[in-house]
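Undergrad: Pasting the sequence and the predicted coordinates here, then a few questions.
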Amino acid sequence: MKKLLKDPIVAVGAGFLLLLLLFAIFGPALRTAQLHGMANSSHFDAVYTPVSTPFAAREGGLWLGTDEQGRDIVARLAQGARVSLIVGFTVQLISITVGVLVGVLGTFAPMLIRLPLLRFTDAMFAFPDILLAILIVSTFPQSGLGVLPVIIALSVTAWPSIARLTVTQVATLKDREYVVAAKASGASTFYLVTRHILPQLSGLLLAVSMIDLAGTILAESTLSFLGIGIQAPNPSWGTMINTARADMNSHPIALVWPCLILSMTIFALNFVGDGLRALLDPKSR
Amino acid sequence: MRLARALALRILFGVLSLVFISFVTFVADELAPGDAATIAAGEKASSTEVERLRHTMGLDRPWPVRYVEYVNNAVHGEFGKSYYGIQEPVSEIIARSLPLTAMVASLAVIVASTFGVAFGTIAAVWRTKAPDRSVLLLSTLGVTVPNFVLGPILQLLVGKQYLDILPPTYEAESSRVAPLIIYLILPVLILSARTGALVARLTRQSMIDTLQQEFIRTAIAKGVPKWRLIFRHALRNAILPVVTAVGTSFGFLLTGSFVVEVAFRIPGLGFTTIDAIRQSNMPVVQACVLVTGAMFILLNLVVDMILPILDPRIRESQV
C-alpha cells in the first residue's frame, strides 16, 4: 500500500476518489440541509426541488448556481456521483461474480460444458459493447424502471473480459507446484479453486475491476448522454451534460462542471487501477 | 497451407458472429413490449382483434420458423416497416442514414491515421524532448477524455460565445449556407481523437524501435541524409501500427459515431437508432443494430485478413 501511494499520480488519483466517495455519500443530504431556507417546498430535496430561478448566479450557498430548472448544480453533481458509483459498483460486482464463475467453469468443467461456454464468451467479447447495451436498453419500457435497465445492459456487456482474464490466470495458477501438491494429497477441485487459486487472483481482479469501473461509469454516462440511460428527474453526469448543451452559450457552467468531474473520475480510476496492476502483475508493464 | 487454415477459421468465426448478432437482435425484438400486430391494430383494438391480426401476419408461428424468415428477409435487405410516421420501409431509412455515418467514420479514420503518424514520427525523432512530451500528453488526453465531453466543450469553444469560427451543429438539410464539409470538421475531429491518439502512440513506439535497429545504423554510416532515413527507411515500418490501431478502434469509432451524431444532430445510423429507441420503434432499432453489427464484424474480418499480408512476421506466427 505504501509502495503504491509513493507514485504521486496514483496518490492524487486515490485522494480524488476518496473525496468523490465522500461527496457522493454526504453531498445530497448536506446540500439539502444547507439550502433548506432557500426553497419553500415542504418535501424539500436539494437534488430534485428548485432552490432558485433557472440559471441563478453563483451567490449565497449556490456555489455553482442552478441548472435550467433552478435546481442546485452541486447537489445534482453529488447525486450524479452517487448514481454513477452505485451503477458502477453493482455492475462490477455482478460481472466479477459471473466472470469468475464462467472462467473457473471454463477451465475445470467437463469438455461438453467447457467448450460451448468458452466460445460463447469469445462471441460476447467480440460483440461491440455499446451495440449490445443499446439493444438491451431498447427492450425495456422507456420509463419507470430507474437504473435497472442500465445495470442489466452494462452487466451483460462487462463480464466476458473478466471471464477471459480468469481463464488465462487460472490456467497458469493450476500448474503451480503448491496447487499440484495439494491436488496430489487429495484436495477436491472446489477446495483447490476456493483456497489456492482464487485468493491468488483477488489482487489482480481488484486492479482490473478498477479500470473496468472507469469503463462502466463511462458507458453509463454515454447511454445517459444519448438519452437512453438514467432517466429524468434522476441526475447522471451524462444527462446533465446532455441537457446543459441547449443553453451552453449563455450558461457554460452547467456544462463544464459535469464534464470536468466525469473526466477527473475516469483519469483517477485509470491511474489507480494501472498503478495497482503494475504492482501486482509486473508482466503487464 | 496452415495460413489458409487460419484464415478459414477466422472467416468461420466471422460467419458465426453474424449468426450470433442476428439471433440477438431477433431475441431483443421478441422481448420488447408490443409487436407489429399491436401497432397495426391501433390503440383501441380489442385483444381478439390483435390475435386475429397476429395470425394473419404469421406472428403466432413458432419462433424458429420466424427466425429463419427474419434472417432470409435481412439477407435480401428486407427489414419490415417503421411503426410510426408514414411507415416508411426500414431498408430506405437505412439506405438514407448509412452513407452519412460511413462518410464521417472513414474521414475520421483518414484524419486519425494522418495526424497520428505525423505526431508519432515527430515524437520519436525528438524523443524525450518537448515535442515528444506534448505528443504524449495530447495522446493521453485523446485516449481518456470521453468524446461526449470533448464534443460539447469544443462546440462551446467554436460557438458564437467564444471563437465563432465553425457551425456547432449539422444543418445541411435545412439551410445550405455552407458546404457539407464545414459541418463535418468538428464531428470528424472528435471522432478521430481516440484512434489518432492510439496511432500516434504505436507509431512513436515502432519508430523508436526501428531507429535503434542495425540497418538504420548502417544507413547512417553510409551517409544517408536524416530526413531520407526517417521517411524512406524507418517510416515504412510505421504502416503496420496504423492498421493495427485502426483495427482495434472500430469499437470506439462505433460508440463515437453514436455520440457525435447525437451531439451534432447528424441524421446518420447512430442518430436514427437512438431516435428509434426513444420511440420504441423496434423494427428500426433491430435493423440498425443488425446492420451496424454486421459492418463491425466485416471490417474486423478485413483487418485481420490484411495484417498477415502486410507483415510476414504475423504470417509466420499465425501458422
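TA: Thanks, I have the structure now. Residues are numbered from 1 along each chain as shown, chains lettered A, B, ... in the order given.
Undergrad: which residues are in contact with stretch A:161-175?
TA: For stretch A:161-175, the external contacting residues (CB atoms under 8 Å, 6 or more residues apart in numbering or on different chains) are A:95-96, A:98-100, A:102-104, A:106-107, A:118, A:121-122, A:125, A:179, A:192-193, A:196-197, A:200-201, A:204-205, A:208-209, A:212. For the C-beta atoms, the positions are set from N, CA and C on the backbone; glycine is no exception.
Undergrad: Out of those residues, which end up buried?
TA: Buried members of those, scored by 16 or more other CB atoms under 10 Å in any protein chain shown, are A:95-96, A:98-100, A:102-104, A:106-107, A:118, A:121-122, A:179, A:192-193, A:196-197, A:201, A:204-205, A:208-209, A:212.
Undergrad: out of the residues you listed, which are inside helices?
TA: Of the positions in the buried ones among the contacts of stretch A:161-175, A:95-96, A:98-100, A:102-104, A:106-107, A:118, A:121-122, A:179, A:201, A:204-205, A:208-209, A:212 sit in helices, assigned by DSSP state H.
Undergrad: Please settle this for me: is residue A:50 part of a strand?
TA: No. Remark: residue A:50 does not belong to a strand; assigned using DSSP: H, G, I helix; E, B strand; the rest coil, it is coil.
Undergrad: show me what contacts it?
TA: Contact partners of residue A:50, counting by CB under 8 Å, 6+ apart, are A:39, A:66, A:69-71.
Undergrad: and the two most separated of the residues you listed?
TA: Using CB to CB, those span at most 12.2 Å, a distance reached by A:39 and A:69.
Undergrad: Which one of these two is surrounded by more residues?
TA: More crowded of residue A:39 and residue A:69, by other CB atoms under 10 Å in any protein chain shown: residue A:39, with 18 against 15.
Undergrad: Which pLDDT value goes with the residue of chain A positioned farthest from its centre?
TA: The outermost residue of chain A relative to its centre, with distances by CA atoms, centre = their mean, is residue A:185 at 41.7 Å. Listed pLDDT for residue A:185 reads 81.
Undergrad: Same question for residue A:98.
TA: Listed pLDDT for residue A:98 reads 92.
Undergrad: Which residue comes closest to it once chain neighbours are left out?
TA: residue A:159 (4.3 Å; CB to CB, 6 or more residues apart in numbering or on different chains).
Undergrad: in what helix or strand does that neighbour lie?
TA: According to DSSP states H and E, residue A:159 maps onto helix A:148-173.
Undergrad: Might you calculate how far that helix sits from the centre of the chain?
TA: From the chain centre to the centre of helix A:148-173 is a distance of 14 Å (CA atoms, centre = their mean, to the nearest Å).
Undergrad: what sits against the residue nearest to residue A:98?
TA: The contact partners of residue A:159, by CB under 8 Å, 6+ apart, come to A:94-96, A:98-99, A:102, A:124.
Undergrad: Would you mind giving the residues you listed as JSON lines with distance to residue B:210 added?
TA: Output for the contacts of residue A:159, formatted as JSON lines (distance: CB to CB, whole Å):
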{"residue": "A:94", "distance to residue B:210": "45"}
{"residue": "A:95", "distance to residue B:210": "39"}
{"residue": "A:96", "distance to residue B:210": "40"}
{"residue": "A:98", "distance to residue B:210": "43"}
{"residue": "A:99", "distance to residue B:210": "38"}
{"residue": "A:102", "distance to residue B:210": "41"}
{"residue": "A:124", "distance to residue B:210": "37"}
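Undergrad: mind listing the strands for chain B?
TA: With DSSP state E applied, chain B shows no strands anywhere along its length.
Undergrad: Below-threshold pLDDT in it: ranges please.
TA: Residues of chain B that meet the criterion pLDDT under 70 lie in B:1, B:34-36, B:39-45, B:58, B:85-86, B:159-180, B:238, B:312-319.
Undergrad: hey, which helix is longest across it?
TA: Longest helix of chain B, by residue count under DSSP H: helix B:90-125.
Undergrad: That one and chain A, are they touching?
TA: No. Judged by CB under 8 Å from any CB of the partner chain, helix B:90-125 stays clear of chain A, getting no closer than 13.2 Å.
Undergrad: Which strands and helices lie in contact with that helix?
TA: For helix B:90-125, the contact count by 3 or more CB pairs under 8 Å, 6 or more residues apart in numbering or on different chains; DSSP states H and E identifies helix B:130-144, helix B:180-211, helix B:239-248, helix B:250-264, helix B:269-278, helix B:282-310 as packing neighbours.
Undergrad: In TSV, list those along with distance to chain A.
TA: What follows is these, written out as TSV (distance: least, CB to the nearest CB, whole Å):
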stretch	distance to chain A
helix B:130-144	6
helix B:180-211	12
helix B:239-248	12
helix B:250-264	4
helix B:269-278	4
helix B:282-310	5
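Undergrad: Among these, which comes closest to residue A:277?
TA: Closest to residue A:277 of the helices and strands packed on helix B:90-125, according to CB to CB: helix B:130-144, at 16.0 Å.
Undergrad: Enumerate the positions of the closest one that are buried.
TA: Neighbour counts over helix B:130-144 (16+ other CB under 10 Å) mark B:132, B:135-136, B:138-139, B:142-144 as buried.
Undergrad: With stretch B:108-122 instead?
TA: B:108-109, B:111-113, B:115-117, B:119-122.
Undergrad: and if you look at stretch B:90-98?
TA: For stretch B:90-98, the neighbour count (16+ other CB under 10 Å) marks B:90-91, B:93-94, B:97-98 as buried.
Undergrad: Contacts for that stretch, please.
TA: With CB under 8 Å, 6+ apart as the test, stretch B:90-98 has contacts from B:77-82, B:267-269, B:271-272, B:283-284, B:287-288, B:291.
Undergrad: at 6 Å instead, please
TA: With contact meaning CB atoms under 6 Å, 6 or more residues apart in numbering or on different chains, stretch B:90-98 is reached by B:77, B:79-80, B:82, B:267-269, B:272, B:283-284, B:287, B:291.
Undergrad: where does chain A have low pLDDT?
TA: For chain A, the stretches with pLDDT under 70 are A:1-4, A:33-44, A:55-58, A:60-61, A:142-144, A:281-285.
Undergrad: So which residues on it come close to chain B?
TA: Within chain A, the positions near chain B by CB under 6 Å from any CB of the partner chain are A:123, A:126, A:128, A:130-131, A:135, A:138-139, A:141, A:218, A:225-226, A:228, A:245, A:248-249, A:252, A:255, A:259, A:263, A:266-267.
Undergrad: Buried ones among those?
TA: Judged by 16+ other CB under 10 Å, buried ones among the residues of chain A next to chain B: A:123, A:126, A:128, A:130-131, A:135, A:138-139, A:218, A:225-226, A:228, A:245, A:248, A:252, A:255, A:259, A:263, A:266-267.
Undergrad: any chance of the buried residues of stretch B:108-122 in a markdown table, plus distance to residue B:234?
TA: Shown next, in a markdown table, are the buried residues of stretch B:108-122 (distance: CB to CB, whole Å):
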| residue | distance to residue B:234 |
| --- | --- |
| B:108 | 26 |
| B:109 | 23 |
| B:111 | 23 |
| B:112 | 21 |
| B:113 | 17 |
| B:115 | 18 |
| B:116 | 16 |
| B:117 | 12 |
| B:119 | 15 |
| B:120 | 11 |
| B:121 | 8 |
| B:122 | 13 |
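Undergrad: Report how many residues lie close to residue B:47.
TA: Using other CB under 10 Å, residue B:47 has 9 neighbouring residues.
Undergrad: any idea how far it lies from chain A?
TA: Noted for residue B:47: a distance of 19 Å to chain A, by CB to the nearest CB, to the nearest Å.
Undergrad: what's the closest non-adjacent residue to residue 229?
TA: Let's take chain A. Sequence neighbours aside, residue A:223 is the residue nearest to residue A:229 in space, at 3.2 Å (criterion: CB to CB, 6+ apart).
Undergrad: my question was about chain B
TA: residue B:219 (5.6 Å).
Undergrad: same check, this time on residue B:249
TA: residue B:195 (4.1 Å).
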